[in-house]
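Colleague: Give me coordinates for this.
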Amino acid sequence: MTMSQRSQSPVAADAVISLAEQLIACRSVTPDDAGCTTIIGDRLRRIGFSCEFINRGGVTNLWARRGTAPPLFCFAGHTDVVPSGPQESWQSDPFRPSRRDGRLFGRGAADMKSSLAAFVDATEAFIAERPQHGGSLAFLLTSDEEGNALDGTVAVTEALVARGERIDYCIVGEPTAVSVLGDTVKVGRRGSLSCKLTVNGVQGHVAYPQLAQNPIHRAAPAIAELAATVWDEGDESFPPTSWQVSNIHGGTGAGNVIPGSVDIEFNFRFATVSTPESLQARVAQILDRHGLDYATQWTLGARPFLTGRGALIDAALAAIRAETGIEAELLTTGGTSDGRFIAEICPGLIEIGPVNASIHKIDESVAIADLPRLSAIYRRILERLLP
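Modeller: As a prediction, this is how the structure comes out:
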């Protein structure tokens, strides 16, 4: 049976759908794995993978590898999901997968248990056809992507660095498609830099402003300048860096008190043309220019990364074209992903997954027909890179 015939086979299609349903039925609300990696690990062991759990801080992390020869190709993803929200708002139990109207419903259906099922299905089919394939295969799975992401993928990459293991190619199964499967491949992500800014004043009575210093009033012109600043113009791969206030808190709760300080939280989503250091320096210049008494607490959530055209992207575009007839768009939009950790030890990393329109929503779902097609895309990529 050829790959094209297999992707259209009802038996093959049901196999990947059934595995997705099995994973959705695991109530793996972050950071609980709820048995997902046990299910996947058992499947991988049967086809020659050695499985290692690199758990930390109550987080389940699986590193599975088959082979020792280069290049090393890795499928990466997360088993954890966000909370379902009010279950009564769902048309069916979010952790009891339901098929209706050509779609598979359940929490994690799109983000990203369908991708995990397609990873496994594609790998099983690839090894069955090419048991002596070139290179090596790996899976990197965590239950801490939707949460703090402190003890998940980063724990595995730290362990790999410590023993000198590097990854040559990686596909993260994040839901990347916008309208139809295959329309978008993420080839990078913007960086994320957050700050808690405290501007100090002098607390007092609102009726006697001459005896106080209102920090909100003092901060307002600086906030306006920060909001109006053009941080960079982006480039051919990244949109311009953006600056957004996410929270402002000041005051005692009383209506007749000028607050003594105000806390302002903001975030940069930045392109590779800027650095965390340059952005911090420019913020300080603006705050100093306005004569503020202030303190800053900076948190670097992610550095930007970008994978250039090469064997991995060419293989992905060809696979998508063969299965869907679509010329995929290469983008770096969206939030952060665990790709930011893997990119530190992997020069070639992209993200391909199902349509993302329903992720984190009530009645999250994925088109059932997309699952075997996604598996076929992954398998075609393996055939190109590990002949």
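
Colleague: Any stretches of this protein with poor pLDDT?
Modeller: Flagging of the chain using pLDDT under 70 yields the residue ranges 1-12.

Colleague: hmm, try it at 80
Modeller: By pLDDT under 80, the low-scoring segments of the chain are 1-13.

Colleague: Counting neighbours, what do you get for P97?
Modeller: 23 (other C-beta atoms under 10 Å). From N, CA and C alone the C-beta is placed, and that goes for glycine too.

Colleague: Kindly apply the preceding question to A118 instead.
Modeller: Every residue meeting other C-beta under 10 Å relative to A118 is counted, giving 31.

Colleague: Likewise for T157?
Modeller: 23.

Colleague: That one and R340 touch, don't they?
Modeller: No - contact criterion C-beta atoms under 8 Å: T157 and R340 do not qualify, at 10.0 Å.

Colleague: residues contacting A311?
Modeller: Y169, G348, R384, L385 (C-beta atoms under 8 Å, 6 or more residues apart in numbering).

Colleague: how much space between it and A69?
Modeller: From A311 over to A69 the distance is 16 Å, taken as C-beta to C-beta, to the nearest Å.

Colleague: and if you look at F268?
Modeller: Remark: distance between F268 and A69 (C-beta to C-beta) = 41 Å.

Colleague: what about the two, which has more around it?
Modeller: Taking other C-beta under 10 Å, F268 and A69 do not tie; F268 has more neighbours (24 against 10).

Colleague: Show me what the strand or helix carrying the more buried one is packed against.
Modeller: F268 is part of strand 261-270 when elements are defined by DSSP states H and E. Contacts defined by 3 or more C-beta pairs under 8 Å, 6 or more residues apart in numbering; DSSP states H and E place strand 261-270 against strand 191-200, helix 215-228, strand 242-250, helix 276-289.

Colleague: between these, which one is nearest to F49?
Modeller: Closest approach to F49 among the helices and strands packed on strand 261-270 (C-beta to C-beta): strand 191-200, 32.9 Å.

Colleague: Within the sheet, what are the partner strands of that closest one, with directions?
Modeller: Sheet partners assigned to strand 191-200 using DSSP bridges are listed as strand 261-270 (antiparallel), strand 294-302 (antiparallel).

Colleague: show me what contacts the residue sitting nearest the centre point of the chain?
Modeller: Geometric centre of the chain, nearest residue: S337, 2.3 Å, by C-alpha atoms, centre = their mean. Counting by C-beta under 8 Å, 6+ apart, S337 touches E145, V172, E174, K186, R189, E351.

Colleague: Could you identify the most distant pair in the residues you listed?
Modeller: Farthest apart among the contacts of S337 by C-beta to C-beta are E145 and K186. That separation is 14.8 Å.

Colleague: Mind checking which of the two has more residues around it?
Modeller: Between E145 and K186, counting by other C-beta under 10 Å, E145 is the more crowded of the two (27 against 22).

Colleague: And what about that one, helix, strand or coil?
Modeller: State at E145, reduced to three classes by DSSP: H, G, I helix; E, B strand; the rest coil: coil.

Colleague: Use 5 as the first number for this chain going forward.
Modeller: Sure, I'll start counting at 5 from here, so that last one is E149.

Colleague: Report the separation between it and H82.
Modeller: For E149, the distance to H82 - C-beta to C-beta - is 3 Å.

Colleague: Are there residues contacting both of the two? Which ones?
Modeller: By the contact definition C-beta under 8 Å, 6+ apart, E149 and H82 are jointly contacted by G156, T157, D342.

Colleague: I figured the first one hits E149, correct?
Modeller: Spelled out, that is G156. Yes - between G156 and E149 a contact is recorded at 5.9 Å, counting by C-beta under 8 Å.
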